[in-house]
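whatever this is, show me its structure:
(4 chains)
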Protein chains: 4
Amino acid sequence: MDLQNLLDDIVGTVQPLLGQGAPADYIPSLAAVDTKQFGISVATANGDVFSSGDADVPFSIQSISKVYALALVLAGDGDRIWKRVFREPSGNPFNSLVQLEHEDGIPRNPFINAGALVVTDRLLSIVGNSPSPVRELLRQESGNSSIDADPEVAASEATHSHRNAALAHFLASYGNLENPVDSVLEAYINQCALEMSCTDLALASRFLANNGLRGNGTALLSPSQTKRINAVMLTCGTYDAAGEFAYRVGLPGKSGVGGGIVAVVPNKCTICVWSPGLGRSGNSLAGVAALDEFTTRTGWSIF
Amino acid sequence: MDLQNLLDDIVGTVQPLLGQGAPADYIPSLAAVDTKQFGISVATANGDVFSSGDADVPFSIQSISKVYALALVLAGDGDRIWKRVFREPSGNPFNSLVQLEHEDGIPRNPFINAGALVVTDRLLSIVGNSPSPVRELLRQESGNSSIDADPEVAASEATHSHRNAALAHFLASYGNLENPVDSVLEAYINQCALEMSCTDLALASRFLANNGLRGNGTALLSPSQTKRINAVMLTCGTYDAAGEFAYRVGLPGKSGVGGGIVAVVPNKCTICVWSPGLGRSGNSLAGVAALDEFTTRTGWSIF
Amino acid sequence: MDLQNLLDDIVGTVQPLLGQGAPADYIPSLAAVDTKQFGISVATANGDVFSSGDADVPFSIQSISKVYALALVLAGDGDRIWKRVFREPSGNPFNSLVQLEHEDGIPRNPFINAGALVVTDRLLSIVGNSPSPVRELLRQESGNSSIDADPEVAASEATHSHRNAALAHFLASYGNLENPVDSVLEAYINQCALEMSCTDLALASRFLANNGLRGNGTALLSPSQTKRINAVMLTCGTYDAAGEFAYRVGLPGKSGVGGGIVAVVPNKCTICVWSPGLGRSGNSLAGVAALDEFTTRTGWSIF
Amino acid sequence: MDLQNLLDDIVGTVQPLLGQGAPADYIPSLAAVDTKQFGISVATANGDVFSSGDADVPFSIQSISKVYALALVLAGDGDRIWKRVFREPSGNPFNSLVQLEHEDGIPRNPFINAGALVVTDRLLSIVGNSPSPVRELLRQESGNSSIDADPEVAASEATHSHRNAALAHFLASYGNLENPVDSVLEAYINQCALEMSCTDLALASRFLANNGLRGNGTALLSPSQTKRINAVMLTCGTYDAAGEFAYRVGLPGKSGVGGGIVAVVPNKCTICVWSPGLGRSGNSLAGVAALDEFTTRTGWSIF
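Below is the predicted model:
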């Protein structure tokens, strides 16, 4: 498998899709991103990195941050978080309040906004917010110490956060937050506003393909914990299109409305794709197509 | 890996769970089954079969039949069925009418009852109902030509079929059935009432682990179609506990309220477990525990 | 109050609305009705009848029949029916299955289709279906012995009855039907297909304005039962626009998709309006406007 | 009709119900109220007041305040508020977020919490919050200038306001609030925390029975606006038991979780009952029974 050639091919294949779809439009700084951009990076288990297209352009990682927050909570706390959040696909748009109400304040999974607020709340309790633990993990694993939140995106999110504030107050009304609503929202917004490139993200996610081992060889998670995060990514990682993503791509993956998607081939590699044009379910149109092509060409679907 | 020893060990491990849970109680012949029974069989890609416990006791396969109906429709018709049924997890109990109403008569996936009625309807249009195509496939792949529907279960289902009749009429009201409601219900009930043992089911499912190849080496499905059925099994195969099943077991699987579960390790083997005591979500309690133990001991989770 | 002049005025007032809205389109014989027609009749407590416009043109009474079926069940059976059907507004479109599922097979009220099927089922048990008890009541109270079901509408409904069949099977699955699904559907369809004019319906409904007394002076219902039917009409009689209807018209009323509406001014009169063009909620556009004008001009709102 | 005797009789009739039901328990100061108390007052159109039982004990008016906020907004602003809130019964528990999400941030009616927050928001825009316009109206109409919010209840509500904060942020996320979330919540909490007796409330509500005329003879509302508030009270005033209340009592009414209910007999009188034990739907058990008895004995149901 010549991965470099494959990635270059994929960049060609997705050209007709670039500019299709729409960027996230709920905050101005996301809406302004050029949707013609596309990047892809692969980081292999043995340490090689391949990339093509706009793989080194930083973008807003948004919901992809939820994976690392969950990993840090599992690392710090073991299975306790599962008393406060389920791990079932939601079958509903990602920021829905409905299921939360039907299920007494227990979010369906850690990758919908409500669930991620609970995870972030727990992370605040375990390690605090200064320095931001998600940012520190991503800096260390990617080797890029300049990773930081985009202050403009963070400020913009803060002024458009009524929906997440509603979720957080709703969780609090069920007793499912430990910290003040404002602290949880601030930490959550800062995680989502982190800016990283495809290469940064592929490198930083290697522990998911390596049985939980960090780049320095120490264990962030046990092999079993790692498999389980991958299972949650597969069933819940791509909003209400998780079934479709499993069907087409066949890999655990987590997307963000910034247009990025991180996918994992267990024991082989991590892949990060990015293109800002989103499909109806909030996943990058060209990104999903690129991953589909990747697993078709490599045969590396987990199924 | 000494599979025989492993299966014998698992039979021991699940003993404390036997008798827990309750059998399906909506029809008398299912409710009367002894919940202390447990069987497990593994059929490997190279043709070996290992089994332990009550692996040769026939039981009602119920919803497991939905996998084979889907396979036959994809084999006969390609992707056309996906215009009439989605492939997203439902996030709701398996026979819910709610989502059907919210989504204009398109069932969420082929493994909830509404979706399986659509698949059965299409199968009737393609190959007719005489002889029953699902029964024929299962006989051929298992090599057991005596497989048949339990007439008592089928009769019992027919007199308790108001819920499925409601679903079928509801689908028909949206124009999503091609055949008369009564014909679809009859075919559906007969599929569900098939009686098979763990060994029968493990053998009959090998095509899911073998890139779509039947026991005689001919292709039932393409490798890509096979991966995709496995993906749908993983995200939608165990009612509203699919996320939990992926998390604990880490394999594509399909359960039935008779207490059976078929799971697939791609390119390695198929596994069938059976124990009639069901947990809250309708999956065999001891069956899920046995599969959890199996993947923990073998490391054969797909994640 | 010169009622004749008032009704003539109202016929003038609603002219601009005629032809707006759409007739019910789910069966051909309803869809073909000329939407320019409008009729209004008032039957007073002391026996006078006033009418204007197309008040003597027969139309399909459809859901208005639900009032008389309920009255006959209360007359025959007292309050027992309220164990099988609630009397709360539904807050959802009139033939929804959702609430039925959330509330274990007890319909929200007797005027949604599911509730009317339960009432019809009970009526079948009390008095049988031959001759049709609703038809007999309407013939006697209107003095028009030629009232009958339109066979074309009934046949058409029967071939488009999948939705109601789904509801009936769903009710049966919860044990909330006493008679076979097919018998209940047949009786229900025949009631809905009755053809009557505004004058027929205004006369036939006088017992609702007269404390339950029939035209011949005998009691069909007690005064208390009559008030309670009127209360259910006010809160549940006009699909999911009951709040709007109470707000604009301020009278108990029951509408049908044939374009008729019967309203009650307790102790004063009954009113029937008809015009086939329906608004978004399934109520006659010109009919609601005419009733709004009627209560504004007479001051006879109950509020 | 000797109203004094009637009210005394009713006090006797409801004795067996006192102590049944539970007080609102979400804040300590409501939970501590003695549920054996019961009061009833009637204020007639010609200015007489009759009362019996604990009719002069002040209690927390809670949601009854929503009627006066709505009246002031209609008085100040006419029908404009109906672009921001519907007037349909909700068919769901009173603080549900579900319908809000299904209907794009437009609450179902002004008497569920979400709708009352929108009304309060508008009232803030029209007349500000200092002095509290609802308190001023209630003082003037009751003639009791000592009416005020219970500071302990208000403080307690403020520390248990996550659910209402969630609703307010959710409304804001749809652009359906004009003022800052915190200001709206503060005004809302202060209205709900007002303390009044049955006599105070019966007097203060007379404009609803008198075609909108205030005690001093000036018009607060037009006759038509008054009828329409009564219509909304009938269809939406008693949480998800509005149908039941209309059926049993047959009057427009508005209840609060403090155990009070205000009911209106148009052109005749207003009635206020109070007893803190609540039934399943959040309405006073003895209060509903007392109103049922009142309309049965007087025949003053509007139906």
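
stretch A:187-195 near chain D anywhere?
No - using Cβ under 8 Å from any Cβ of the partner chain, stretch A:187-195 never reaches chain D; the gap is at least 14.2 Å. Any C-beta I mention is one placed from the backbone N, CA and C, and that applies to glycine too.

let's test this: mean pLDDT of that stretch, rounded?
Average pLDDT, stretch A:187-195: 97.

so after the helix or strand bottoming out on mean pLDDT in chain A, what's the next helix or strand?
Every helix and strand of chain A was ranked by mean pLDDT, DSSP states H and E. The lowest is helix A:98-102, at a mean of 74. For helix A:98-102, the following helix or strand on the C-terminal side (DSSP states H and E) is helix A:113-127.

about what we covered before: by contact count, what packs against the least confident helix or strand of chain A?
For helix A:98-102, the elements it packs on are helix A:162-173, helix D:98-102, judged by 3 or more Cβ pairs under 8 Å, 6 or more residues apart in numbering or on different chains; DSSP states H and E.

so which of those gets nearest B:Leu123?
For the helices and strands packed on helix A:98-102, the distance to B:Leu123 is smallest for helix D:98-102, at 35.6 Å, taking Cβ to Cβ.

got the CA coordinates for the closest one in PDB?
Taking Å, rounded to 0.1, in the frame of the first residue of the first chain, the C-alpha atoms of helix D:98-102 are listed here in PDB:
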ATOM      1  CA  VAL D  98     -40.300  18.900  23.800                       C
ATOM      2  CA  GLN D  99     -43.000  20.800  22.000                       C
ATOM      3  CA  LEU D 100     -40.900  23.900  22.200                       C
ATOM      4  CA  GLU D 101     -38.200  22.100  20.100                       C
ATOM      5  CA  HIS D 102     -40.800  20.700  17.700                       C
END
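
could you say which of the helices and strands packed on helix A:98-102 is packed most deeply?
Of all the helices and strands packed on helix A:98-102, helix A:162-173 carries the top mean neighbour count, a mean of 24, counting by mean count of other Cβ atoms under 10 Å in any protein chain shown.

now the helix or strand just after that one: buried residues?
Once the chain leaves helix A:162-173, the next helix or strand it forms, by DSSP H and E, is helix A:181-192. Of the residues in helix A:181-192, A:181, A:183-192 count as buried by neighbour count, 16 or more other Cβ atoms under 10 Å in any protein chain shown.

check stretch A:201-216 too.
In stretch A:201-216, counting by 16+ other Cβ under 10 Å, buried: A:201-215.

over to stretch A:18-37?
So stretch A:18-37, judged by 16+ other Cβ under 10 Å, has buried residues A:18, A:20-21, A:23-24, A:27, A:29-30, A:33, A:35, A:37.

could you point out which of those is nearest to chain B?
A:Gly21 (19.4 Å; Cβ to the nearest Cβ).

now do the contacts for the closest one.
Contacts of A:Gly21 were listed using Cβ atoms under 8 Å, 6 or more residues apart in numbering or on different chains, and they are A:35, A:276-279, A:284-286.

for those, give me CSV that also has pLDDT.
Listed next are the contacts of A:Gly21 as CSV, based on pLDDT from 0 to 100:
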residue, pLDDT
A:Thr35, 96
A:Pro276, 97
A:Gly277, 97
A:Leu278, 97
A:Gly279, 95
A:Ser284, 98
A:Leu285, 97
A:Ala286, 98
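
for chain A, what lies in contact range of chain B?
Close to chain B, as judged by Cβ under 8 Å from any Cβ, chain A has residues A:86-92, A:99, A:108-109, A:224, A:226-228, A:230-232, A:234-236, A:240-244, A:246-247, A:250, A:252, A:266, A:296, A:301-303.

tell me the mean pLDDT over stretch A:48-58?
98.

what's the end-to-end length of that stretch?
For stretch A:48-58, the separation between the terminal residues is 20 Å (Cα to Cα, to the nearest Å).

identify the residues contacting it?
For stretch A:48-58, using Cβ under 8 Å, 6+ apart, the contacting residues are A:3-4, A:7-8, A:10-11, A:37-44, A:195-200, A:202-203, A:272, A:274.

try it again at 6 Å.
A:3-4, A:7-8, A:11, A:37-43, A:195-199 (Cβ atoms under 6 Å, 6 or more residues apart in numbering or on different chains).

what's the separation between the closest residue in space to A:Ser65 that isn't next to it in sequence and A:Glu103?
Distances taken as Cβ to Cβ, 6 or more residues apart in numbering or on different chains place A:Gln191 nearest to A:Ser65, at 4.1 Å, with adjacent residues excluded. Going from A:Gln191 to A:Glu103 by Cβ to Cβ, to the nearest Å gives 24 Å.

so how far is the helix or strand A:Val11 falls within off the chain centroid?
Assigned by DSSP H and E, A:Val11 belongs to helix A:3-13. The chain centroid and the centroid of helix A:3-13 are separated by 23 Å, computed with Cα atoms, centre = their mean, to the nearest Å.

same check on stretch A:261-277?
In terms of Cα atoms, centre = their mean, the centre of stretch A:261-277 is set 10 Å apart from its chain centre.

got the buried residues for that stretch?
A:261-266, A:268-277.

out of those residues, which is nearest to chain D?
A:Pro276 (23.0 Å).

now the closest one, what's its secondary structure?
Assigned with DSSP: H, G, I helix; E, B strand; the rest coil, A:Pro276 falls in the coil class.

got the contact list for it?
Residues in contact with A:Pro276 (Cβ under 6 Å, 6+ apart) are A:23, A:33, A:35, A:259.

what's around the nearest residue to A:Leu97 once chain neighbours are set aside, how many residues?
Excluding its sequence neighbours, the residue lying closest to A:Leu97 (Cβ to Cβ, 6+ apart) is D:Leu97, at 4.6 Å. Residues near D:Leu97, counting by other Cβ atoms under 10 Å in any protein chain shown, number 22.
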